[in-house]
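K.L.:
When you get a sec, could you give me coordinates for this:
(chains A, B, C and D)
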Number of protein chains: 2
Amino acid sequence: MAQGHSDNLLFLTDEQLRRAIEAMFFAYRGFTADPDRILAEMNYGRAHHRAIHFIHRSPGTTVNNLLAILGVTKQSLNRVLRTLVEDGLVDSRVGQRDRRERHLYLTERGDALERELSDAQRARMRAAFREAGPTAVAGFREVLEHMMDPELRRHFAVAKEGDR
Amino acid sequence: MAQGHSDNLLFLTDEQLRRAIEAMFFAYRGFTADPDRILAEMNYGRAHHRAIHFIHRSPGTTVNNLLAILGVTKQSLNRVLRTLVEDGLVDSRVGQRDRRERHLYLTERGDALERELSDAQRARMRAAFREAGPTAVAGFREVLEHMMDPELRRHFAVAKEGDR
DNA sequence: CTTGGAATGTCAACAAGACTGACGTAGTTT
DNA sequence: AAACTACGTCAGTCTTGTTGACATTCCAAG
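P.N.:
Modelled structure (predicted):
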């Protein structure tokens, strides 16, 4: 709506956008660097982190739910889940209502790893937020939401309302 | 829960940070989705995109420079570069001053692909920026910069000064 | 000048983690 | 009873990261 501002014309130049694209690339690397270091020590990868994160967020979620959120194939997810269950970090329980489903929970050890990983990730995020200030943070989140695929964004908006 | 308080204690809760972490994850997926589709059609991957992007940004850059920016091993980068050179998208010229170095340039076809990829990526970025507004964009970039590793951030700051 | 070391880049082999396709099994729905 | 759904698995491929070994080139110390 605020069209016509000379600001607006400048601020959408390809050059500015190119810089933003690079910033996104570099920032994402920073974003994953700390958890990656922890995971590498125990022969896990980012895929394990993602599974652990979303099981933590939604305990009792099913394999199919996780599949939809992570956007990978079941074969790919299964490989990761199998190792996590074998290593005693995730508990997979047959559904009561529908016994075809497997409901996933973190064990105590799974929860401990989740905390270790997200503490590291949050520490960096918190530092960046503090340095940038509240206004910048609001803008940051606003732009991120608009960058998601629309479907995921709805998913995300629901999650924001609180955890059910 | 009461929204609207931008006071520093509330705004740094672990719950808020967790949401920001997920937003970052989902947004990055959106960020790469469009180029990924184009690349998949021609049997390339994200690694090819990154190489093309940074060669475009700094024509004549050496393999070592690229290595430092991309943060991968030279062997990994080399595989990508080899296919790009074979396919006639990148030109690799032996250095004049130091003949150990290879200076990298995009060919016309390489430039065409670069434009196709970055057009797609910029389109989404531009849309997100427009919807979020200038203030949000400023905050977005501010936070991103603080999220990078310090060394990369300096690198980035230099690039911002203009492409001398 | 020669020689040894450092810098640069290439080749080979391997692993993680994504993918597709096919199939099996149990449970649910029609 | 038949069809569909949820999950798991086997087999094979691809991208992209890793190490290790090696060739070439440059430079500096003896």
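K.L.:
C-alpha from now on. contacts and neighbour counts both.
P.N.:
Will do.
K.L.:
If I look at the residue positioned nearest the centre of chain A, what pLDDT would I see?
P.N.:
Centroid-nearest residue in chain A: A:R50, 6.4 Å away (criterion: C-alpha atoms, centre = their mean). A:R50 carries a pLDDT value of 97.
K.L.:
got it, and A:A157?
P.N.:
If you check A:A157, the pLDDT there is 73.
K.L.:
Now name the helix or strand holding it.
P.N.:
Using DSSP states H and E, A:A157 maps to helix A:150-160.
K.L.:
Contacts made by that helix with the rest, please.
P.N.:
Residues outside helix A:150-160 that contact it (C-alpha atoms under 8 Å, 6 or more residues apart in numbering or on different chains) are A:I69, A:E145, A:H146, B:R19, B:A23, B:F26.
K.L.:
now the residues you listed in CSV, with neighbour count?
P.N.:
Formatted as CSV, those follow (neighbours: other C-alpha atoms under 10 Å in any protein chain shown):
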residue, neighbour count
A:I69, 15
A:E145, 24
A:H146, 21
B:R19, 15
B:A23, 24
B:F26, 21
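K.L.:
if you skip the residues just before and after it, what's nearest to the residue in chain A that DNA strand C sits nearest to?
P.N.:
Nearest to DNA strand C, among the residues of chain A, is A:G45, at 2.7 Å (C-alpha to the nearest atom of the strand). Nearest residue to A:G45 in three dimensions, chain neighbours excluded: A:L39, at 5.8 Å (C-alpha to C-alpha, 6 or more residues apart in numbering or on different chains).
K.L.:
and that neighbour, what helix or strand is that in?
P.N.:
Take DSSP H and E as the rule and A:L39 turns out to sit in helix A:14-41.
K.L.:
which other helices and strands contact whatever helix or strand comes next after that helix?
P.N.:
Heading C-terminal from helix A:14-41, the first helix or strand you meet, by DSSP H and E, is helix A:46-57. Applying 3 or more C-alpha pairs under 8 Å, 6 or more residues apart in numbering or on different chains; DSSP states H and E, we find helix A:46-57 packed against helix A:14-41, helix A:63-70, helix A:74-86, strand A:102-106, helix A:108-132.
K.L.:
Name the residues of helix A:46-57 that are buried.
P.N.:
For helix A:46-57, burial by neighbour count (16 or more other C-alpha atoms under 10 Å in any protein chain shown) applies to A:A47, A:H48, A:H49, A:R50, A:A51, A:I52, A:H53, A:F54, A:I55, A:H56.
K.L.:
Redo these as a markdown table? Include distance to B:V63.
P.N.:
Below are the buried residues of helix A:46-57 laid out as a markdown table (distance: C-alpha to C-alpha, whole Å):
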| residue | distance to B:V63 |
| --- | --- |
| A:A47 | 30 |
| A:H48 | 32 |
| A:H49 | 32 |
| A:R50 | 33 |
| A:A51 | 36 |
| A:I52 | 37 |
| A:H53 | 37 |
| A:F54 | 38 |
| A:I55 | 41 |
| A:H56 | 42 |
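K.L.:
A:R93: what secondary structure?
P.N.:
Here A:R93 is recorded as strand under DSSP: H, G, I helix; E, B strand; the rest coil.
K.L.:
residues touching it, list them.
P.N.:
By C-alpha under 8 Å, 6+ apart, the contact list for A:R93 reads A:R102, A:H103, A:L104.
K.L.:
so what's the first one up against?
P.N.:
Read it as A:R102. Going by C-alpha under 8 Å, 6+ apart, A:R102 touches A:T62, A:V63, A:S92, A:R93, A:V94, A:G95.
K.L.:
and the first one, how many residues sit next to it?
P.N.:
Just to be clear, that refers to A:T62. Around A:T62 there are 19 other residues, counting by other C-alpha atoms under 10 Å in any protein chain shown.
K.L.:
From A:S92, how far out is it?
P.N.:
Counting by C-alpha to C-alpha, to the nearest Å, the separation of A:T62 from A:S92 is 9 Å.
K.L.:
so what sits against both of the two?
P.N.:
Common contact partners of A:T62 and A:S92 (C-alpha under 8 Å, 6+ apart): A:R102, A:H103, A:L104.
K.L.:
so which of the residues you listed also contact DNA strand D?
P.N.:
Among the shared contacts of A:T62 and A:S92, the ones lying near DNA strand D by C-alpha under 7 Å from any atom of the strand are A:R102, A:H103.
K.L.:
DNA strand D: which of the shared contacts of A:T62 and A:S92 is nearest?
P.N.:
Closest approach to DNA strand D among the shared contacts of A:T62 and A:S92 (C-alpha to the nearest atom of the strand): A:R102, at 4.4 Å.
K.L.:
beta partners for that closest one?
P.N.:
A:V94 (DSSP bridges).
K.L.:
that older thread, quickly note the distance from the residue of chain A closest to DNA strand C to A:D111.
P.N.:
Separation of A:G45 from A:D111 (C-alpha to C-alpha) stands at 17 Å.
K.L.:
near DNA strand D, anything from stretch A:67-76?
P.N.:
Yes. Contact of stretch A:67-76 with DNA strand D (C-alpha under 7 Å from any atom of the strand) involves A:K74, A:Q75.
K.L.:
What residues sit buried inside that stretch?
P.N.:
If you call a residue buried by 16+ other C-alpha under 10 Å, then stretch A:67-76 has these buried ones: A:L67, A:L70.
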